[in-house]
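Visitor: Kindly generate the corresponding structure for this input.
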Amino acid sequence: MIDNNLMQRWQKELLSFKGIKSTFIIEGNISDRYPFPVNDDEIDFFSLNEILTLIFNSDETEGLYEVRYCDLIFGISKEGYTNKEVLKKETQNLNSIIKNSEDIRKAMTTRASDTENTKSNLIILNYSSRFLNSPDSMSQAEIAFFLNLFYASNNSLRIKSYINTLILIVNKLNDVPAWFFINNPNVRTLTISNPDRVVRSVYIDKFYHKFKEKVTPEIDKVRSKFTDLTEGMKILELGELRRLHDKSNIPIEEIADVVSIYKYGFKENKWSQIKGKLGHDIGDRIRKRIKGQDHVIDKIVKVVKRAVVGLSGLQHSSASKPRGIIFLAGPTGTGKTEIVKAVAELLFEDEKALIRFDMSEYAAEHADQKLFGAPPGYVGYDSGGQLTNAVKNNPFSVLLFDEIEKAHPKIMDKFLQILEDGRMTDGQGNTIYFTETLIFFTSNIGISRELKDPNTGLVTREKNVSPNDSLEVIEKKILNEMKNHYKPEVMNRFGENILVFNYIDEIASKEIAKSQIDNINQTYFKNNKIEINICEDAYKLLYTLCWQDEPRSNGGRGIGNVIEDQYLNQLAEFIFDKNIQEGETINVRVENGKWIFDMLPP
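Guide: The predicted structure is shown next:
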């Protein structure tokens, strides 16, 4: 009898319902190797078919089940892929596949002519997801195949205390037609998860022999960290890691580098290089570009420091979370996108390290395929996903998902795996790691709200917050809207890293206006060698214009619109009409509320 305490949950469940349920559907991590007790104190690792056979023939009475395997390649066989005679068979065609389902129905529902045969039948359908193209649009042949299985499931023959059993192994449950298992009391579904820390630790103890060669407290710490770094990996991947380590000649003390090589193809870590270059003035350097949002900058600096030293997410169970996750919300034009650009340049000395996605382009239902890649058989499958390709090519980067509230809700559901586990499997089956990324989301959610006229059904929008509201009021309203818009599990992923921007105050408005004006003048001089002097009264007029209600509501963009309309357009008209040439100087002043442009003598 198997020691139940040494088994995984899905194995215990299968053992409990063996002989009771006629049908099992197993989904999830189905192509791995799994721990299973071989005696009272030893665990080894086996394929899924091997474990199923062990569980169904685990009682003291020998030979309770006669095991058969079925798949699209070889049909029905007794020994699976190990039988040489089976390997000589031709690939299955449509008629033989339907014939297989008829044979399964007969084996499940009729008694053998040999009355001495006391064995029940166990039939394992491998690659069950591939027996049909789509469960939503099945051909007559596919319907016939699953109808035979459905009949077998509901009319399975019981022999003594056991029952003929059918097991379908699928990638995911919805690969099987819903009518096959919904409200079918004979069917039980089981999910195999990726190996947790305990299982990975058991495998590492058993097969990573180099840890046993040096038994010291330091090596124990290395082993523990290595176990954490393999979060989300399958047992087969741990086997590949072991072979990669054996091949690399990297000391066991530096085995963490092997994980980086396995994930990214190289062991250099840009984050460790960043640490020595940042200095202690991170906040001041960001404030040169972002005005009036000191409370946000202070929080971002803390997240950046955690990311650089590698302490992000260590309070959670997963050690493979992204380096940092920040949600920036608030009024338009207040610097949300600009602050992300500043962080990217600060960390990687190049704004191009910022990978930006305008989420308004992903509002359609199937837009997630553009980001993560289309599944096999669909248009664009060979191209992969825009997001997964970008991170695969540049794993050390800052990601920005701009205006995330405009994306289809399915996309945020997909992001949950990235935010929690730091990885995503693209449409081609490749695992892309987000462990070394710093992720930002921006949103204008909560700034306005929809109102529907009960009589006409017309939908209008009204402001939910205004420049006259305090930051506390703005935060409360925005967070309430976010809670209504996003599921609790999404909100929990962000935790305390939801940062709300305030409207730009008068001091910040002046700083932004002066910065934009000076940038115009300096850039024009650099490109055209024409100097522009602007008097203090001209600055004051622009400050006044920028502090009116409309530009205040639109933040930095509103200020930019005022400067373009009131200053830049008139300056351009003067330069064009007067044919100003290289080496000349323009003086800008205000007289009686009007702009005056003068040519200064050389």
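Visitor: how close does the residue nearest in space to the middle of the chain sit to Ala374?
Guide: When Cα atoms, centre = their mean is applied to the chain, the residue found nearest the centroid is Ile418 (2.7 Å). Per Cβ to Cβ, to the nearest Å, Ile418 is found 18 Å from Ala374. From N, CA and C alone the C-beta is placed, and that goes for glycine too.
Visitor: Kindly report the same for Tyr362.
Guide: On the measure of Cβ to Cβ, Tyr362 and Ala374 end up 14 Å apart.
Visitor: Next, the residue nearest to the centre of the chain: secondary structure please.
Guide: Secondary structure, DSSP: H, G, I helix; E, B strand; the rest coil: Ile418 is helix.
Visitor: can you check Val590 too?
Guide: Per three-state DSSP, Val590 ends up strand.
Visitor: pLDDT weak spots in this structure?
Guide: 1-6, 59-63, 79-94, 112-118, 267-269, 312-319, 351, 375-382, 602 (pLDDT under 70).
Visitor: Domains of it: list them as residue ranges, please.
Guide: Using automatic domain parsing, the domain parsing of the chain gives 4-192, 197-268, 305-500, 506-600.
Visitor: and of these, who's closest to Gly283?
Guide: Closest to Gly283 of those is domain 305-500 (Cβ to Cβ; 10.3 Å).
Visitor: rewinding a little: quick one: the domains of the chain as CSV, columns for distance to Asp281 too.
Guide: Output for the domains of the chain, formatted as CSV (distance: least, Cβ to Cβ, whole Å):
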stretch, distance to Asp281
domain 4-192, 47
domain 197-268, 26
domain 305-500, 10
domain 506-600, 18
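Visitor: Lys291 is nearest to which of these?
Guide: Comparing the domains of the chain under Cβ to Cβ, the one sitting nearest is domain 506-600, at 3.9 Å.
Visitor: End to end on the closest one, go ahead and measure it.
Guide: Terminal residues of domain 506-600 are spaced 33 Å apart (Cα to Cα, to the nearest Å).
Visitor: With stretch 157-172 instead?
Guide: End-to-end span of stretch 157-172 (Cα to Cα): 28 Å.
Visitor: Can you give me the buried ones in that stretch?
Guide: By neighbour count on 16 or more other Cβ atoms under 10 Å, the buried set for stretch 157-172 is Leu157, Ile159, Tyr162, Ile163, Asn164, Thr165, Leu166, Ile167, Leu168, Ile169, Val170, Asn171.
Visitor: ok, of those, which one's closest to Thr334?
Guide: Nearest to Thr334 among the buried residues of stretch 157-172: Asn171, at 44.6 Å, using Cβ to Cβ.
Visitor: ok so, going back, so the residue nearest to the centre of the chain touches Tyr433, yeah?
Guide: No. Counting by Cβ atoms under 8 Å, Ile418 does not reach Tyr433; the two are 9.7 Å apart.
Visitor: ranges for the strands of the stretch 201-350 of the chain?
Guide: Under the criterion DSSP state E, counting those that start in this stretch, the stretch 201-350 of the chain contains strands at 324-329.
Visitor: What separation is there between Ala342 and Asn121?
Guide: For Ala342 relative to Asn121 (Cβ to Cβ), the value is 67 Å.
Visitor: Also Val301?
Guide: The gap separating Val301 from Asn121 is 65 Å, by Cβ to Cβ.
Visitor: So for those two, which residue has more residues nearby?
Guide: Asn121 (22 against 18; other Cβ atoms under 10 Å).
Visitor: need the contact list for the nearest residue to the more buried one once chain neighbours are set aside.
Guide: Leaving aside its sequence neighbours, Asn121 sits nearest to Asn164 (Cβ to Cβ, 6 or more residues apart in numbering; 4.5 Å). Neighbouring residues of Asn164 by Cβ atoms under 8 Å, 6 or more residues apart in numbering: Ser22, Ala107, Met108, Thr109, Ser120, Asn121, Leu122, Ile123, Ala152, Ser156, Leu157, Arg158.
Visitor: Among the residues you listed, name the ones in helices.
Guide: Ala107, Met108, Thr109, Ala152 (DSSP state H).
Visitor: Might you report the residue contacts of the first one?
Guide: By that I understand Ala107. Per Cβ under 8 Å, 6+ apart, neighbours of Ala107: Arg68, Asn121, Ile123, Ala152, Asn164.
Visitor: swap in the third one?
Guide: Going by Cβ under 8 Å, 6+ apart, Thr109 touches Tyr151, Ala152, Asn155, Ser156, Leu157, Asn164.
Visitor: what about Gln522, how many neighbours?
Guide: Around Gln522 there are 12 residues (other Cβ under 10 Å).
Visitor: which element is it on?
Guide: helix 506-528 (DSSP states H and E).
Visitor: helices or strands up against the helix or strand that that helix is followed by?
Guide: Counting by DSSP H and E, the element after helix 506-528 in chain order, helix or strand, is strand 531-534. Contacting strand 531-534 under the criterion 3 or more Cβ pairs under 8 Å, 6 or more residues apart in numbering; DSSP states H and E are the following elements: helix 506-528, strand 585-591.
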